[in-house]
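>>> requesting a structural model of the entry that follows:
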Amino acid sequence: LKQAVEKIDRIRDQAGCTLARLLRCSDPPLANIPHRAQLEAALTTSGVVNWASAGESFPALVALVHFPEFRIEMVKGLVVSIGGLDPALSKAATTALQSYLSNPPPHPHIPEDVNAAQRVASKGIAEALIVVAKQYAQSGRVMIPWMRALDLLLAGVFASALDPTDPFFAEVLTVVKHEAKGCKDVSKLVAMIGVLCHLFGLQPCGNNAPILSTSRDALQALLVLLVNRYPKVRKCAAEQLYVCLLTRQQGDDEDDSEYSGTEEAMTILSSHRWDADLDVVRQARYKLFAPLQLEPPETAVAALAQTKRSSSKAVEDEHESYASLVDMAGY
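Numbers count the residues shown, from 1 in each chain. As a prediction, this is how the structure comes out:
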């Protein structure tokens with residue numbers, strides 16, 4: 001089933017055909033197959049002929065992710081398909097999974113409650129995603145598509161189905177921080193920016209509810225990426241953080257004091273070149289801590305102090321060089 005929802009057409013075709021033949025086998029019939037009726041419905045009676053076609057195979061197979069016996073392996077395949085570079089494949093896989101999450105099988109105890117069924121289905125996929133992330137930690141082949149797929153899910157059904165205080169979000173943040181440590185893969189760093197922005201956008205229920213620690217920690221992680229060694233990462237982080245702050249500002253009540261310096265922070269983000277020299281960027285990043293009501297970490301203070309010392313020394317050296325030139329010229 002994992003290979004039947006993978007990104008390579010020929011592998012999906014072989015996997016789908018093989019599974020269908022195994023289920024049709026009657027001499028002797030295969031025993032101990034969990035959820036055989038649902039498998040036969042998807043693989044032998046669904047009308048799918050071309051398993052290599054993403055538009056045909058994914059709608060037929062994705063509903064099988066509902067069963068715990070199949071879920072983790074199928075999520076492994078779906079992540080690579082959704083987060084891959086083929087836009088048509090990504091769209092087909094994303095649409096099929098979002099369709100399942102929007103209209104999952106009824107909740108066993110509350111069959112008439114669609115929201116409860118969506119929560120259960122989303123929670124199952126969320127837990128499987130964490131299992132996959134832990135299994136493939138530091139593997140760019142899986143973790144880059146994993147983050148792209150999660151970015152799409154957080155913008156879709158997950159946003160409404162999962163409670164902002166769900167431990168899943170804190171686990172995602174832990175995964176992202178682990179992947180970011182010492183990372184030199186620009187594609188992975190850019191992919192994690194979208195996930196961090198969704199985590200920063202988590203809003204607690206109720207007007208007077210405290211700011212979620214996950215949201216604040218995600219904001220801190222975004223500020224770290226603003227001084228990343230790669231200009232492309234810094235620029236992307238600044239652009240997406242600006243959009244996040246704009247969205248939060250538009251959604252906040254007028255009397256809401258949370259992130260009261262949002263407008264000032266947006267001005268700082270939009271008035272600086274974040275792909276400029278890193279010393280200049282560090283000084284610009286430091287200005288963001290106060291309006292965002294964050295305490296600058298010791299490393300940021302030390303880095304800023306070092307930058308100022310280096311700048312002062314450069315000015316002094318320039319003045320000394322000029323004075324030497326004047327002396328040599330005899331003026």
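>>> where does the stretch 1-150 of the chain dip in pLDDT?
The stretch 1-150 of the chain contains residues with pLDDT under 70 at 46.
>>> all helices for it, in order.
According to DSSP state H, counting those that start in this stretch, the stretch 1-150 of the chain carries its helices in the segments 9-24, 36-43, 54-61, 68-82, 87-102, 114-135, 140-155.
>>> pull the residues that contact the first one.
Applying Cβ atoms under 8 Å, 6 or more residues apart in numbering, the external contacts of helix 9-24 come out as 1, 3-6, 30, 33, 36, 39-40, 43-44, 48, 50-54, 57, 61. C-beta: built from backbone N, CA, C; applies to glycine.
>>> which positions within that helix qualify as buried?
9, 11, 12, 13, 15, 16, 17, 19, 20, 23 (16 or more other Cβ atoms under 10 Å).
>>> next one: the first one from residue 88, what distance?
Spelled out, it's residue 9. Residue 9 sits at a distance of 11 Å from residue 88 (criterion: Cβ to Cβ, to the nearest Å).
>>> which residue is nearest the middle of the chain?
Relative to the mean C-alpha position of the chain, the nearest C-alpha, by Cα atoms, centre = their mean, is the one of residue 195, at 2.8 Å.
>>> which residues touch that one?
Applying Cβ under 8 Å, 6+ apart, the residues contacting residue 195 are 147, 150, 151, 154, 172, 176.
>>> rerun at 6 Å
By Cβ atoms under 6 Å, 6 or more residues apart in numbering, the contact list for residue 195 reads 147, 150, 151, 176.
>>> kindly report the same for residue 215.
Contact partners of residue 215, counting by Cβ under 6 Å, 6+ apart, are 200, 202.
>>> A helix includes it, no?
Yes: counting by DSSP: H, G, I helix; E, B strand; the rest coil, residue 215 is located in a helix.
>>> and the pLDDT for it?
Here the pLDDT value assigned to residue 215 is 93.
>>> from residue 298, how far out is it?
According to Cβ to Cβ, residue 215 stands 22 Å off from residue 298.
>>> and the angle from the helix or strand where the residue nearest to the centre of the chain lies to helix 140-155?
Assigned by DSSP states H and E, residue 195 belongs to helix 186-200. For helix 186-200 against helix 140-155, the angle by axes from the mean of the first three to the mean of the last three Cα atoms, to 10 degrees is 30 degrees.
>>> got the CA coordinates for helix 186-200 in CSV?
Output in CSV follows, covering the C-alpha atoms of helix 186-200 (Å, rounded to 0.1, in the frame of the first residue of the first chain):
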residue,chain,number,x,y,z
VAL,A,186,18.5,25.4,1.8
SER,A,187,15.4,23.5,0.5
LYS,A,188,14.8,22.0,3.9
LEU,A,189,15.2,25.3,5.7
VAL,A,190,12.8,27.1,3.3
ALA,A,191,10.3,24.2,3.7
MET,A,192,10.3,24.5,7.5
ILE,A,193,9.6,28.2,7.4
GLY,A,194,6.0,27.6,6.2
VAL,A,195,5.5,25.1,9.1
LEU,A,196,6.8,27.5,11.7
CYS,A,197,4.5,30.2,10.3
HIS,A,198,1.5,28.0,10.9
LEU,A,199,2.7,27.2,14.4
PHE,A,200,3.2,30.9,15.1
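>>> buried residues, it. List them.
188-200.
>>> is residue 284 in contact with residue 273, as I believe?
No: the pair residue 284 / residue 273 is not scored as a contact, 8.6 Å apart, by Cβ atoms under 6 Å.
>>> isn't residue 164 right next to residue 202, touching?
Yes: Residue 164 is in contact with residue 202 according to Cβ under 6 Å; the separation is 4.4 Å.
>>> more crowded one of the two?
residue 202 (21 against 16; other Cβ atoms under 10 Å).
>>> if I pick residue 92, what's in contact with it?
With contacts defined as Cβ under 6 Å, 6+ apart, the neighbours of residue 92 are 54, 55, 58.
>>> could you rerun that using 10 Å?
Residue 92 makes contact with 53, 54, 55, 56, 57, 58, 59, 62, 81, 82, 86 under the criterion Cβ atoms under 10 Å, 6 or more residues apart in numbering.
>>> quick one, phi/psi of the last one?
Note on residue 86: its backbone torsions stand at phi -90, psi 110 [degrees, to the nearest 10].
>>> residues contacting the residue nearest to it when sequence neighbours are not counted?
With Cβ to Cβ, 6 or more residues apart in numbering as the criterion, residue 86 has its nearest non-adjacent residue at 6.7 Å, and that residue is residue 7. Each residue near residue 7 by Cβ under 10 Å, 6+ apart is listed here: 54, 77-86, 89-90, 93, 145.
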